[in-house]
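Colleague: Based on what follows, work out the 3D shape:
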Amino acid sequence: MQVTRLTKCLAYIQALAGHADTKMTTLYLEGHETVQPQNVAAGNLDDVDWSNINWSTPLAPELVNILD
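Modeller: Below is the predicted model of the structure:
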């Protein structure tokens with residue numbers, strides 16, 4: 001009886017978490033690697049190579065506002 005209940009619980013967790021198999025669920029339940037902070041930089045628009053942009057594709061309004 002206990003095994004059936006555990007199997008149903010694992011199946012529920014897998015469905016809820018979108019896991020395809022018990023190996024992935026076990027990995028999830030055991031935890032993931034420790035997340036470390038990472039330095040990032042947005043840069044400067046002056047550093048962008050504008051020649052590589054396909055200007056025939058419509059730009060998102062947010063990008064148009066930045067360029068204006």
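
Colleague: ranges for the helices of this protein?
Modeller: For the chain, the helices defined by DSSP state H occupy 2-17, 22-30, 61-67.

Colleague: Go through the ones you listed and pick out the most buried.
Modeller: helix 22-30 (a mean of 12; mean count of other CB atoms under 10 Å). Any C-beta I mention is one placed from the backbone N, CA and C, and that applies to glycine too.

Colleague: any idea of the mean pLDDT for it?
Modeller: Averaging pLDDT along helix 22-30 yields 75.

Colleague: Now do that helix against helix 2-17, angle only.
Modeller: Interaxial angle of helix 22-30 relative to helix 2-17 (axes from the mean of the first three to the mean of the last three CA atoms, to 10 degrees): 80 degrees.

Colleague: I'd say His10 and Met24 touch.
Modeller: Small correction: residue 10 is Leu, not His. No: assessed by CB atoms under 8 Å, Leu10 is found out of contact with Met24, at 10.9 Å.

Colleague: quick one: Ile66 from Leu10, how far?
Modeller: In this view, Ile66 and Leu10 are 48 Å apart by CB to CB, to the nearest Å.

Colleague: Please state the backbone phi and psi of Gly42?
Modeller: Gly isn't right for residue 42; it's Ala. Main-chain torsions, Ala42, degrees, to the nearest 10: phi -80, psi -20.

Colleague: gap between it and Val48?
Modeller: For Ala42 relative to Val48 (CB to CB), the value is 11 Å.

Colleague: okay, the two: which has more neighbours?
Modeller: Val48 (10 against 5; other CB atoms under 10 Å).

Colleague: what's the spacing between that one and Ala17?
Modeller: 39 Å.
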